[in-house]
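Quick one, structure for this:
(chains A and B)
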2 protein chains.
Amino acid sequence: MKIIDQIKSPVSNELEKFDSYFRSVLKTNVGLLNTVIRYLFLRKGKRIRPLLIFLSAGLVGEINERTYVGATMVELLHTATLVHDDVVDEAKERRGLLSINAKWNNKIAVLLGDFLLAKGLLIAVDNKEFEFLQILSEAVRLMSEGELLQIQTSRENDATEERYFEIIHSKTASLISACCEIGCFSATDNFVARGKLREFGKLLGLAFQIRDDIFDYIGKSSIIGKPVGNDIRERKITLPLIYALRNVSEKDAKNIVSLVKTNKKKKDIKEIINFVIQNNGIISAQTRAKELVDKAKAILLDFPDNPYRQSLFKLADYIVEREK
Amino acid sequence: MKIIDQIKSPVSNELEKFDSYFRSVLKTNVGLLNTVIRYLFLRKGKRIRPLLIFLSAGLVGEINERTYVGATMVELLHTATLVHDDVVDEAKERRGLLSINAKWNNKIAVLLGDFLLAKGLLIAVDNKEFEFLQILSEAVRLMSEGELLQIQTSRENDATEERYFEIIHSKTASLISACCEIGCFSATDNFVARGKLREFGKLLGLAFQIRDDIFDYIGKSSIIGKPVGNDIRERKITLPLIYALRNVSEKDAKNIVSLVKTNKKKKDIKEIINFVIQNNGIISAQTRAKELVDKAKAILLDFPDNPYRQSLFKLADYIVEREK
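Numbers count the residues shown, from 1 in each chain, chains lettered A, B, ... in the order given. Predicted coordinates:
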């Protein structure tokens, strides 16, 4: 069995039930919209977010109707973000299939994203899940702010470790943290547990993004689905580079930073990647991700041992060890 | 005094107070975001939606804190839609200023739209205005569905009067209807009044869109801010054309419809516009808009006479008589 399937096993029935619930929610009267949504379902993601929600709920209590509602809201929101992202990045592919903007056009992709967002809201409102809504709207605000802060930072070129963590907390960890909190809250009113799972999710989310940023240096483009060096091309200074810069003289650091700032040729990208690898940027970033995951796992020790907890442990490891 | 300022006069203080409240809500820690938002405030719209909310509240009771919350939610949502629309339509200008996507880029525009949407949600959640949220998320769903239905219709070329009204109800009237309902609901619990104002807003919204669609045939592009014939270029068959087609032989109708379907030259656009004018398309559509406004005004007669009602009467007329 693949490791991800092992992790999913305590909630595999629930994830299947969730899938058909999710599909049924998205039926509309507009034929074109149904066609686009059917296409969307062809590319099944890893469903990490619903998985976190179901495991968090199981960890603290019984998985129930509210857990499904929370998972549906998050998956709608996350899908909306991906569809909008592909418009923004002019991405032609996602998970081996044409993106919505490539297969149809930008207009349909933006409208589909808005429709999915509205559907997520309506599900919350219909089920009177106002706390879920609060958690998620805060996450959406942070996600858009985080992306904008990242653009600002690469324009001003003032990437520091502190700023890097501020950005990835907003743009990635906030939603993963929200998943764990919502899953927990769907199954218990215990506020202490809720705070702990929020923190667990935050640490996991930070590690997840660091691992993603490492892929930009050493991933196989055929596996991660985008070319290596993409971030450098967009002048994004991520943790591996920040750590590598610390290990060299001020002069060498300046040279690399100014190379990142310019319009780069293939040769320059290669040079920056080699610089990061040779100056321990990858190893240091990976160590940092591992530390965060260990801190996250320590939080889980406060919960009773059960199959959900075992899966969350494995999921935490998977997040820093995965190859895509 | 300009007619729109006359209409605003019973709530001009409130609209001013709303303006500074709206600005204060949008302060963030991200410098780039603040810069973009400041730019957004340079192009002040007609603020028809907040105006409708304040007038509807005043009509049935006292304007209060909840009215401001409702107006802020709607204006955030509406602004988000405009910013996304400009990305989708690749519009370079709005209200005489560069669009956000033109001045910055698509990425910043999509993220700004998402940020504004999230802010609108957070304001609802923070103020526990869940009914406002329900009304508005239903409107957002309808708006995206309506736009998609319009695309589908122009692809399939099955524009009928019935389909046209279905589209404009979703994409335009739903939000205007929501404004009137939210304004009313902010000031009274009276469900009958709420239903009446929702219907009033719907009729007004339909008339508003018909008037907009008429501009596409006879507007002055320097006033309406986009070239005449835009809809025809995009194969959108709107009410003036639908009505004109009824007044000619089946053969003539077929010829015009197939002209609309093709890639058109300037000369073809002119021919279609002239066809619509000569076959009473404009006059019939304008008559229809006027009928809807008269029905809307009849609803107002059920409310006691006061300055708010007088303004709503004038606003209804303004909507079908305006030149931009």
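
For the rest of this, base every contact and every neighbour count on C-alpha atoms.
OK.

List the contacts of A:Ile273.
With contacts defined as CA atoms under 8 Å, 6 or more residues apart in numbering or on different chains, A:Ile273 is in contact with A:217, A:229.

Which element, helix or strand, includes it?
Per DSSP states H and E: A:Ile273 is located in helix A:266-278.

which bits of the stretch 151-300 of chain A sit near chain B?
Residues of the stretch 151-300 of chain A lying near chain B by CA under 8 Å from any CA of the partner chain: A:Gln152.

for chain A, which spans come out with low pLDDT?
A:221-227 (pLDDT under 70).

What about it, which residue is the most distant from its middle?
For chain A, the C-alpha farthest from the mean C-alpha position belongs to A:Lys251; by CA atoms, centre = their mean, that distance is 35.4 Å.

give me the element it is part of.
Here A:Lys251 is assigned to helix A:250-261, by DSSP H and E.

list the buried ones in that helix?
A:253, A:256-257, A:259-261 (16 or more other CA atoms under 10 Å in any protein chain shown).

and what of stretch A:10-18?
A:10-11, A:14-15, A:18.

now stretch A:296-312
A:296-297, A:300, A:307-309, A:311-312.

So which of these are in helices?
Per DSSP state H, helices hold the following members of the buried residues of stretch A:296-312: A:296-297, A:300, A:307-309, A:311-312.

how much space between A:Lys44 and A:Ile100?
14 Å (CA to CA, to the nearest Å).

Neighbour count: these two, which is higher?
Neighbour count, other CA atoms under 10 Å in any protein chain shown: between A:Lys44 and A:Ile100, A:Ile100 has more, with 27 against 8.

Please report the distance of that one from chain B.
Going from A:Ile100 to chain B by CA to the nearest CA, to the nearest Å gives 13 Å.

tally of neighbours for the nearest residue to that residue once chain neighbours are set aside?
Nearest non-adjacent residue to A:Ile100, counting by CA to CA, 6 or more residues apart in numbering or on different chains: A:Ala109, 5.6 Å away. Residues contacting A:Ala109 under the criterion other CA under 10 Å number 25.

residue contacts, A:Ala109?
A:83-84, A:87, A:100-101.

swap in A:Asn127?
A:Val69.

For it, give its distance to chain B.
From A:Asn127 to chain B the distance is 11 Å (CA to the nearest CA).

Look up phi and psi at that residue.
A:Asn127 has phi and psi values of phi -100, psi 10 when expressed as degrees, to the nearest 10.

before we move on, the earlier item: tell me the one of the buried residues of stretch A:296-312 nearest chain B?
A:Ala296 (27.9 Å; CA to the nearest CA).

What is the burial count for the residue lying closest to that closest one once chain neighbours are set aside?
Distances taken as CA to CA, 6+ apart place A:Phe200 nearest to A:Ala296, at 4.8 Å, with adjacent residues excluded. Counted with other CA under 10 Å, the neighbours of A:Phe200 add up to 25.

Got the phi and psi for A:Arg94?
Per degrees, to the nearest 10, the backbone of A:Arg94 is at phi -150, psi 130.

Distance check, A:Ala289 against chain B.
Taken as CA to the nearest CA, the span from A:Ala289 to chain B is 26 Å.

Helices of the stretch 1-150 of chain A, residue ranges please.
Assigned by DSSP state H, counting those that start in this stretch, the stretch 1-150 of chain A shows helices spanning A:3-8, A:12-25, A:31-42, A:48-60, A:65-88, A:100-103, A:106-126, A:130-156.

quick one, which of those helices is packed in tightest?
Ranked by mean neighbour count, the helices of the stretch 1-150 of chain A are led by helix A:48-60 with a mean of 26 (mean count of other CA atoms under 10 Å in any protein chain shown).

Tell me which other helices or strands that helix touches.
helix A:12-25, helix A:65-88, helix A:174-187, helix A:307-321 (3 or more CA pairs under 8 Å, 6 or more residues apart in numbering or on different chains; DSSP states H and E).
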